[in-house]
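Q: the following comprises the amino acid sequence and a computationally predicted model.
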Amino acid sequence: MKRILFTVFLLTAALLASSQIVEPVKWNFSQNKISDNEFELVFTATIDEGWHMYSTDLPEGGPIKTSFYFEDLKNTELLGEPTANKVAVEKFDQSFQMDLKWFEDEVSFTQKVKTNGTGAVSGYIEFMSCDDEMCTPPIQAEFSFELDGDSQLVTETADSNTTDNSDTRNYWSIFFLAFLGGLAALLTPCVFPMIPMTVSFFTKQSKTKAIGIRNGLWYGLSIILIYVILGTVVTAVFGAESLNSLSTNPWFNLFFALLLFVFAFSFMGAFEIVLPSSWVNAVDKKADKGGLLGIFFMAFALALVSFSCTGPIVGALIVEAARSGGMAPVIGMLGFSLALAIPFALFAAFPGWLNSLPKSGGWLNSVKVVLGFLEFAFAFKFLSIADMVLDLHILEREVYIAIWIAIFMGLALYLWGKIKLPHDSPMNHLPVSRFITGTMVFAFVIYMIPGLWGAPVKLISGFPPPVDYAESPLGVGRTMPAGAYASGNSSGEMTSGMHIGPHGIPLFDDYYDALAHARETGKPLLIDFTGKGCTNCRKMEDNVWVNQQVKRMFIEDFVVVSLYVDLKTKLPEEEQYVSETTGRKVRSIGNKWTDFQISRYNRNTQPYYVIVDNNEKELVEGYGYDPDADDFIEWLNSGLEEFKN
């Protein structure tokens with residue numbers, strides 16, 4: 001009987017131990033032959049309920065995205081990039097202050113390849129997954145394919161593209177943004193005066209009211225067709241998927257930042273962007289022919305003549321839509337052109353409404369200048385992406401916010417009439433509308449100022465770089481007081497290997513440096529297994545580390561080391577190895593700390609906290625995700641008591 005009970009105990013203990021290692025994502029690999037020398041490699045991820053795996057498209061400063069690494073290609077050429085069979089869920093993440101994309105349940109990626117005879121492909125997929133309480137470190141799933149040119153052709157692919165609710169929501173947001181852009185374009189000097197002129201032409205040339213309405217509606221529809229065709233051309237030229245992948249390309253972002261700077265300066269009156277007059281004249285001749293075709297070319301002429309005003313808005317909208325990929329440029333141009341076309345169609349149907357329109361004047365140029373300021377500010381978003389991807393640290397968070405403060409302060413002064421720009425009309429008095437708008441912009445400037453000192457400034461979240469991409473975690477002009485630095489250094493100077501971590505807490509990022517310092521100072525070592533892209537790690541920092549008692553204990557009673565399991569810095573070739581615990585190859589510093597956590601503590605999720613003594617003995621059971629500061633303090637105290645005993 002005792003043997004049976006002992007066996008049951010061992011089995012239960014083994015099950016409990018193994019349950020600490022989670023594998024929420026399982027991969028399956030297959031291949032389809034689609035022609036004599038082309039194959040589809042299919043990578044299918046099955047994701048446990050309640051978990052999600054991050055997408056292949058994430059902004060810089062967020063979690064680790066899913067990435068495909070093709071290391072060995074034998075007689076094989078890659079055609080394009082891996083594409084998913086579904087659109088990722090997209091939601092705003094409070095911890096990272098940005099929109100993140102991920103997959104749930106199941107997703108398949110397809111990579112097309114071309115072979116020269118018999119080929120082979122091998123490599124690995126790096127991915128990261130999270131649920132509501134924990135995240136796994138970036139895991140590498142290795143794959144290999146043998147591609148036989150004599151294998152049978154597959155006539156049908158596994159899955160067709162599907163569209164989920166998040167895709168629909170994303171398209172709607174792009175549509176409404178573009179619609180607002182179209183309304184803004186209506187209020188520019190190149191478009192607004194054209195409304196009464198065009199409608200008057202239709203009413204005079206049409207024999208009956210019905211014909212006038214028909215012509216006006218066709219004119220509006222022609223405007224929509226012209227801009228939708230433009231969006232379709234952009235999508236066709238670049239490809240729906242490649243537009244998405246270009247969104248994080250630094251050179252793509254640099255180019256569009258420069259383009260937006262040009263548009264902004266044009267709106268402010270530095271120069272005017274005008275298409276060749278020969279183009280306009282050629283279209284005008286077509287419009288003179290009359291009929292529905294002539295009306296179409298009249299709409300085309302409007303698009304060309306108004307380009308100096310609409311071009312910068314259209315350019316900015318296409319750039320932003322292109323970042324979303326898919327059919328977003330088409331949807332964006334539909335929204336823009338609809339806003340532009342509706343007034344022409346309505347006023348053609350009801351000419352009497354023209355009397356209610358405000359008269360053209362200097363206010364139209366003011367609208368252009370305001371749009372110029374907005375495009376100038378928006379351009380720095382693209383510069384920021386390029387800066388983060390190239391890791392230049394030129395446009396860090398404080399610098400970005402300072403630039404925006406200066407831009408919007410300039411806009412407020414312009415609206416108050418303190419700054420004059422080319423083409424501005426003389427102003428004898430300040431209109432109430434400009435005073436109110438300028439005051440609102442000035443209030444926005446005041447709101448942004450605390451962001452220089454580390455305030456979250458959530459209204460502009462997603463525009464400036466993340467908090468950790470900054471000159472200092474504490475903000476401009478703030479430093480740690482001398483007495484707050486790590487223990488054992490009476491001078492108050494930082495010990496070698498230390499740096500300032502979240503909420504101004506000094507910590508190490510190398511286990512062995514931290515252990516040596518803990519032994520030197522006679523303090524327990526607190527190990528923080530974390531990740532740059534771990535959402536729940538940020539929640540622990542924002543809800544627990546920020547607690548004053550926790551900060552005091554971290555600084556005075558412990559030596560703290562944060563081991564980032566998702567660092568992609570490659571280890572030197574001689575330091576790379578195959579893990580005895582997992583059988584996976586350890587290639588990077590993040591892999592090294594992941595293997596360290598698994599082999600020593602039988603865990604592979606983050607956040608996870610461990611307290612050890614100077615002999616590396618675990619003092620109390622580890623602490624996972626629980627954003628209750630009181631519980632965490634109780635756990636810290638229990639670790640201290642064990643260390644003292």
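A: Now that the structure is in, tell me what you want to look at.
Q: now the stretch 351-500 of the chain, which segments are flagged as low pLDDT?
A: In the predicted model, the stretch 351-500 of the chain carries pLDDT under 70 at residues 351-364, 389, 461-462, 466-468, 472-494.
Q: next helix or strand past the longest strand along the chain?
A: Counting by DSSP state E, the longest strand found in the chain is strand 106-127. Following strand 106-127 in sequence order, the next helix or strand is strand 129-130 (DSSP states H and E).
Q: I'd say S144 and G119 touch.
A: No: look at S144 against G119 with C-beta atoms under 8 Å: they stay out of range, at 11.6 Å. The way it works is simple: take the backbone N, C-alpha and C, and place the C-beta from them, glycine included.
Q: G372 - how many residues pack around it?
A: Close neighbours of G372, defined as other C-beta atoms under 10 Å, add up to 22.
Q: actually A386, not the one I wrote
A: 22.
Q: from F378, how far out is it?
A: 14 Å (C-beta to C-beta, to the nearest Å).
Q: and for E616?
A: E616 is 52 Å from F378, by C-beta to C-beta.
Q: residue ranges with poor pLDDT in the stretch 501-645 of the chain?
A: In the stretch 501-645 of the chain (pLDDT under 70), the answer is 533.
Q: and the strands in it?
A: Listed in chain order, the strands of the stretch 501-645 of the chain (DSSP state E, counting those that start in this stretch) span 506-508, 525-530, 559-564, 577-578, 585-586, 608-612.
Q: contacting residues around L411?
A: Applying C-beta atoms under 8 Å, 6 or more residues apart in numbering, one finds that L411 lies in contact with 370, 373, 438, 441.
Q: next SSE after whatever helix or strand it lives in?
A: Using DSSP H and E, L411 sits in helix 397-415. Per DSSP H and E, the first helix or strand lying C-terminal to helix 397-415 is helix 432-448.
Q: what's the distance between that following helix and the middle of its chain?
A: On the basis of C-alpha atoms, centre = their mean, to the nearest Å, helix 432-448 sits 28 Å off its chain's mean C-alpha point.
Q: and if you look at stretch 256-274?
A: For stretch 256-274, the distance to the chain centre is 25 Å (C-alpha atoms, centre = their mean).
Q: now stretch 251-262
A: 17 Å.
Q: and it, what's buried?
A: The neighbour-count check on stretch 251-262 (16 or more other C-beta atoms under 10 Å) flags 252-254, 256-257, 259-262 as buried.
Q: ok, V559 - contacts?
A: 486-487, 508, 514, 517-518, 521, 523-526.
Q: will you turn those residues into JSON lines that also has distance to H423?
A: Output for these, formatted as JSON lines (distance: C-beta to C-beta, whole Å):
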{"residue": "A486", "distance to H423": "60"}
{"residue": "S487", "distance to H423": "64"}
{"residue": "F508", "distance to H423": "59"}
{"residue": "A514", "distance to H423": "62"}
{"residue": "H517", "distance to H423": "64"}
{"residue": "A518", "distance to H423": "67"}
{"residue": "T521", "distance to H423": "67"}
{"residue": "K523", "distance to H423": "68"}
{"residue": "P524", "distance to H423": "69"}
{"residue": "L525", "distance to H423": "66"}
{"residue": "L526", "distance to H423": "63"}
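Q: quick one: average confidence on the biggest helix by length in the chain?
A: When the chain is parsed with DSSP state H, its longest helix is helix 209-238. For helix 209-238, the mean pLDDT works out to 76.
Q: mind listing what's buried in it?
A: Across helix 209-238, burial judged by 16+ other C-beta under 10 Å covers 212-228, 230-231, 234-235, 238.
Q: next, count neighbours for N547.
A: By other C-beta under 10 Å, 16 other residues sit near N547.
Q: now it: how far from D557?
A: Distance of N547 to D557, given as C-beta to C-beta: 14 Å.
Q: just T530 next, same as before
A: From T530 to D557 the distance is 20 Å (C-beta to C-beta).
Q: before we move on, what about A303?
A: A303 sits at a distance of 69 Å from D557 (criterion: C-beta to C-beta).
Q: who's more crowded, E616 and F378?
A: F378 (19 against 12).
Q: ok, and the more buried one, which helix or strand is that part of?
A: Element membership of F378 [criterion: DSSP H and E] is helix 362-389.
Q: skipping adjacent residues, who's closest to the most centrally placed residue in the chain in space?
A: Geometric centre of the chain, nearest residue: P59, 3.2 Å, by C-alpha atoms, centre = their mean. Nearest non-adjacent residue to P59, counting by C-beta to C-beta, 6 or more residues apart in numbering: M98, 5.4 Å away.
Q: my read: the one you found touches E90, true?
A: No: between M98 and E90 there is no contact under C-beta under 8 Å: 10.6 Å.
Q: and V546, what does it touch?
A: V546 makes contact with H503, according to C-beta under 8 Å, 6+ apart.
Q: measure it to T535 for me?
A: The spacing between V546 and T535, counted by C-beta to C-beta, is 16 Å.
Q: what's the domain layout of the chain?
A: Domain segmentation of the chain under automatic domain parsing yields 20-147, 165-356, 495-644.
Q: can I get the ones you listed in CSV with distance to G410?
A: Below are these laid out as CSV (distance: least, C-beta to C-beta, whole Å):
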stretch, distance to G410
domain 20-147, 26
domain 165-356, 10
domain 495-644, 33
